[in-house]
Structures are given as C-alpha cells and as structure tokens.
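In: Next one to model:
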Amino acid sequence: MTSEEIRQYLQEDAPLTIHLNGGREFRVAHTDYALISPSGVSLAFFSPNDHIEHIRLSSIESITLEKPAA
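Out: Modelled structure (predicted):
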C-alpha cells in the first residue's frame, strides 16, 4: 500500500486492523494511535499494551477499518 492510501484510512475516526504480507495482523484501537513517517516509508503505532510497533509500508497487504454499526 502507498502512504497516500494509508493516510486516507488514518483520517477516519475508528479502530483498524493492519494486515501484513505473510498473514500477521495488528489491531490499532484508534487511528489517532498511528502515524506515517515523514519519508512515507514506515508506519508506527501503539499496541494495546502501550508498546510502539514500527513496520515498513511495503509489508502492508491491506487495512480493515472498523465502522460503527448504523
């Protein structure tokens, strides 16, 4: 995914799940807890146990955004 595609997800006000190539996934409790590096190469976010995770954008296969039920 590109940094612009991911920035679109991060503009939402909702939790999201980041799916990596190879099947690993990370749930981010809110888009406020994630940011893209200034160079647009990596993504950092806080995990539920308050650790900072850092991944390369090239390893992201997809992102699922959790929308509230209507």
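In: Quick check: Val41 vs Asn49, distance?
Out: Spatial separation of Val41 from Asn49 under the definition C-beta to C-beta, to the nearest Å is 25 Å. Where C-beta positions appear, they are placed from N, C-alpha and C, glycine not excepted.
In: Please identify which of those two sits among more neighbours.
Out: Taking Val41 and Asn49 together and counting by other C-beta atoms under 10 Å, Val41 has the greater number of neighbours (11 against 5).
In: I'd guessed Thr2 sits against Leu57; true?
Out: Yes - the pair Thr2 / Leu57 is scored as a contact, 7.2 Å apart, by C-beta atoms under 8 Å.
In: more crowded one of the two?
Out: A count of neighbours by other C-beta under 10 Å puts Leu57 above the other of Thr2 and Leu57, at 17 against 11.
In: center of this protein - which residue?
Out: When the chain is reduced to its mean C-alpha position, the closest residue under C-alpha atoms, centre = their mean turns out to be Ile18, at 5.0 Å.
In: check which helix or strand covers that residue.
Out: Here Ile18 sits within strand 16-20, counting by DSSP states H and E.
In: Quick one: residues in contact with that strand.
Out: The contact list for strand 16-20, computed with C-beta atoms under 8 Å, 6 or more residues apart in numbering, reads 9, 25-28, 31, 34, 43, 45, 55, 59-66.
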